[in-house]
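Undergrad: Coordinates for the following, if possible.
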Amino acid sequence: MTLPTHLIVGPEQHGVVEYGLLLAKHAGGRVVRFDNWTALPTDPREFPAGPLQIYFTDHLFGSSPSEALTRVLNLVGNHPLSVSFHDVPQLEEGADRFARRAKAYVELAQRADAVVVNSQHEARFFTQRLTQNPHPALRVVPLPLPQRVTTIKPSSSTPPNPPSIHDDIAIMGFIYPGKGHMELLDSLSKNPAHGIHSLRALGRIADGHEWLADDLRSASMRAGVDLEITGFLDPEELEQEMLRAGIPVCAHRHFSASGSLMKWISLGRRVLVADGPYPRELRERWPNFIVLVKDDAWPEAIAALPSDFCDPSDPPSDWTWAQVASSYHQVWMKEPFDVMKNYPLVGRNPEHWPLVSVVIPYFDNPEGLRAILRALAEQDYPGEFECVVADDGSSSPPTFIPEEYSFPIRVERQADQGFRAAAARNLGAGGARGEVLAFVDGDTIPSRAYLREAVRLPALDPRGLVVGRRVHGEVGDGNAQEPAWLRDAWLRTGNLTGADDTSWRFIISAVLTCHRQLFDRVGGFDTTIVGYGGEDWEFGWRAWNAGALFHHNPAALAFHPEPDWSGRQAGWEEACSQKNPETLALAKRITHPLARPEGVIFDDADVLVQLPDNAGEWPPGVAIAVITGWLAIPYVHVVVPASALHSEETGLFADDPRVRVVDQRPALGRINVDLQQAAWPTDRSSAQCIFGVDGLGGKCTVYTSSGRSGQEEIQVGTITTARYRSLEVAGHLSSTATDVFVTWNTAREPIRLERQFAGW
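TA: Coordinates of the predicted model:
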């Protein structure tokens, strides 16, 4: 996952716009902002590559639902798309309007890769209409409790000029037909003994409904109630007025989500709410803050209120913007959002074409070498290049006539100690003078544009690592193809633009180009790998963790006259005999779960959990519980400060290489979990967020609920990835972290280990 670009359209005071801006602030990601749909571009290429997050209500994107739908579909093109739907259509709008809006909402949901709504009531709208093809990524993320802008706690202060009970009513938000003002006044007019003195509308008339002000004044006169319309209030003024209000009311009968209601609750105000599916959802969660009013029986409901109804109380704090952002992160962690920030600069030419060293690993194939040299002589590369032939112990050194070529050629040789392609490539790179290294296998013939296409990205960005397109067939064969598994990989990852921490599997050293800086930072190929295959995947693994930008360029075309490896095997047994040693060799070197069997213990960890320095101060049994809790998660090692365990406790882990009791921190893992509190995952599923941290920007601050009520949020640690740390050291990233909320165990009291071990 990469954090999406947030497309936010509409005036700043609009609730949907405010929602989008606040989500972008808390969840991260770029913001592309337009005040009106008329300013939107028409070409999806004008947006940054990668996923888009759109906040959709039809009137913000067009003059009609169909126009809004067409505009959005044209805008998003092939971008991965997450849509947060607002003002979801309801039957009470009228049959014609509902049908037009519902059609647009459903069709956009069908196009979206992820759909987010704010209530179960809204979710039912989609599930009832997508029965033939249920949306696999429909998620309910309730509106958050807004953050306060005033500093006075509701329960510790008395509002200025406190109202009398049953005397003053307030409705907050834009004023428009159906918001409930008129319905409330009509209900009061039918009961002259209601005892209400005034109705205060905290907000302004919505654009296009200015006529409503006179209608409301007439209705208030019929009801015998003073009406005040405050007009626009800035956030602090609005909160003060909401605290001053006597009886907060949400009288809208047909809303499916309400920021106004959430604002009242966030201030500790109890609210009279018109009964409906959405208010019932909220009442289930916060029963002390919502009083439901059925059938517009407002006078009766007001008369039945307790005497302390107007007194503000401590508001709930269990659903904030940070938790909403964490919920969106869970959405964006899934395909097709499960990609890292890997936006290579493609389609551009560098101002300067650098010197390139073409490194050719070679072994007793003079005809193949001559074919490559002839192809290099035909290159249209705008800059200069050289060729370094890295001989892996041939019986006879490679021969050629240097004068026949317009570029310099050198030969570097090593002894024949088996198939050592990794060592040969390093040997060639060591003798190379180029700023960019282009590795081309000794049986692979590059097309005329190969170097220009392969070198472009590393010349623009030293982090660039390019895989060319190696097809199997004679030079010029238009029907020659790459293996199906690679073609599928390029399609799924957008030629590696959507690369993630598993994409090292698609790095092919036969047609590999990178900058010298990246090659040196990674440390070159692993020379301990002897035998066919695997060294390119291992190099790609380390390159990704070092912050490389992966890119597959199909225009960097090369031909391999022989079949792919799978086509050269006599049968399944021979294929397994050749490939299994490579797999076993990589399992020792690549810590990723894709490369390792789960039940085997290795010396190095994929996830390294570091207990804090003060773990020795934890109550008895807690450190043991934390360590054993983490060891239940596959691929985890735990680092324990020497002061954290007593001698008898250390003995428990004496035979387990996954637990390291040290005086100072060891080398880092691919993923590091630095604990600040005694915390561990409740089960494997609650630990899955750890393995998705690369997709959240590479650094996360982890929070969990604690305390008997489960409402106390505590920060328990920080998670970083090797890729993040590499990019941070290189100056490509700031140290900002994404907040993630998890369900983990915590411990602050002594733990009886007998009970812990036995599970009772």
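
Undergrad: what's around residue 41, how many residues?
TA: As a burial measure, residue 41 scores 12 neighbours (other CB atoms under 10 Å). Heads up, the C-betas are built off the backbone N, CA and C, glycines and all.

Undergrad: Checking my notes, it in a strand, right?
TA: No: the assignment for residue 41 is coil, going by DSSP: H, G, I helix; E, B strand; the rest coil, so no strand is present there.

Undergrad: Just give the closest residue to it, not the sequence neighbours.
TA: residue 75 (7.3 Å; CB to CB, 6 or more residues apart in numbering).

Undergrad: Output the contacting helices and strands for the helix or strand hosting that neighbour.
TA: Secondary structure assignment for residue 75, by DSSP states H and E: helix 65-76. In this structure, helix 65-76 packs against strand 52-56, helix 95-111, with contacts taken as 3 or more CB pairs under 8 Å, 6 or more residues apart in numbering; DSSP states H and E.

Undergrad: change it to 6 Å
TA: Contact partners of helix 65-76 among helices and strands, from 3 or more CB pairs under 6 Å, 6 or more residues apart in numbering; DSSP states H and E: helix 95-111.

Undergrad: quick one: contacts of the helix it packs on?
TA: 58, 65, 69, 89, 91, 115, 126, 129, 135 (CB atoms under 6 Å, 6 or more residues apart in numbering).

Undergrad: out of those residues, which is most surrounded?
TA: The residue in the contacts of helix 95-111 with the most neighbours, by other CB under 10 Å, is residue 115 (27 neighbours).

Undergrad: quick one on the thing from earlier: keep only those of the contacts of helix 95-111 that are in strands.
TA: residue 115 (DSSP state E).

Undergrad: So which of the contacts of helix 95-111 is the closest to residue 332?
TA: residue 115 (12.8 Å; CB to CB).

Undergrad: ok, now which ones touch the closest one?
TA: 83, 109, 135, 138 are the contacts of residue 115 under CB under 6 Å, 6+ apart.

Undergrad: mind listing what the third one touches?
TA: Meaning residue 135. Taking CB under 6 Å, 6+ apart, one finds 109, 115 in contact with residue 135.

Undergrad: Residue 277 versus that one, what's the distance?
TA: Residue 135 is 20 Å from residue 277, where distance means CB to CB, to the nearest Å.

Undergrad: With the second one instead?
TA: According to CB to CB, residue 109 stands 19 Å off from residue 277.

Undergrad: Compare the two (neighbour count), which wins?
TA: residue 109 (21 against 15).

Undergrad: Show me what secondary structure element comes after the helix or strand containing residue 626.
TA: Using DSSP H and E, residue 626 sits within helix 622-631. Once helix 622-631 ends, the next helix or strand along the chain (criterion: DSSP H and E) is strand 636-641.

Undergrad: what about the host helix or strand of residue 576, average pLDDT?
TA: Here residue 576 sits within helix 572-587, counting by DSSP H and E. Averaging pLDDT along helix 572-587 gives 83.

Undergrad: Following the chain onward from that helix, which element is next?
TA: strand 607-610.

Undergrad: for whichever strand or helix holds residue 424, which positions count as buried?
TA: In this assignment (DSSP H and E), residue 424 forms part of helix 421-430. Residues of helix 421-430 classed as buried: 421-429 (neighbour count, 16 or more other CB atoms under 10 Å).

Undergrad: So which elements touch the next helix or strand after that helix?
TA: Following helix 421-430 in sequence order, the next helix or strand is strand 436-440 (DSSP H and E). In terms of contacts (3+ CB pairs under 6 Å, 6+ apart), strand 436-440 is packed against strand 356-362, helix 450-460, strand 511-515.

Undergrad: Tally up the residues packed near residue 593, please.
TA: 14.

Undergrad: can you tell me which residues contact it?
TA: residue 635.

Undergrad: Quick one, grab the pLDDT at it.
TA: 93.

Undergrad: Ramachandran coordinates for it?
TA: Backbone torsions for residue 593, taken as degrees, to the nearest 10, come to phi -60, psi -30.

Undergrad: same question, residue 290
TA: Per degrees, to the nearest 10, the backbone of residue 290 is at phi -130, psi 130.

Undergrad: can you check residue 533 too?
TA: According to degrees, to the nearest 10, residue 533 has phi 80, psi 160.

Undergrad: What of residue 328?
TA: phi -70, psi -40.

Undergrad: Against residue 216, how distant is residue 228?
TA: 11 Å.

Undergrad: Let me see the residues that make contact with stretch 744-756.
TA: Contacts of stretch 744-756 (CB under 6 Å, 6+ apart): 619-622, 624-625, 678-682, 704, 706.

Undergrad: Give me the buried positions along that stretch.
TA: Quick answer for stretch 744-756 (16+ other CB under 10 Å): 744-747, 751, 753, 756.

Undergrad: Would you pull up how far it lies from the middle of the chain?
TA: With CA atoms, centre = their mean, to the nearest Å as the basis, stretch 744-756 stands 33 Å off its chain's centre.

Undergrad: Export that stretch to CSV, keeping only CA atoms.
TA: This file holds the C-alpha atoms of stretch 744-756, laid out as CSV (Å, rounded to 0.1, in the frame of the first residue of the first chain):
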residue,chain,number,x,y,z
TRP,A,744,-3.0,-6.5,22.1
ASN,A,745,-2.6,-7.8,25.6
THR,A,746,-1.1,-5.4,28.2
ALA,A,747,0.1,-6.1,31.7
ARG,A,748,0.7,-3.7,34.6
GLU,A,749,0.1,-6.1,37.5
PRO,A,750,2.1,-9.2,38.6
ILE,A,751,1.4,-12.3,36.6
ARG,A,752,1.3,-15.8,38.0
LEU,A,753,3.2,-17.8,35.4
GLU,A,754,1.6,-21.2,36.3
ARG,A,755,-1.7,-19.7,35.2
GLN,A,756,-0.1,-18.1,32.2
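
Undergrad: ok, residue 254 - contacts?
TA: 90, 92.

Undergrad: In three-state terms, label it for me.
TA: At residue 254, secondary structure determined by three-state DSSP is coil.

Undergrad: what's the spacing between it and residue 89?
TA: 10 Å.
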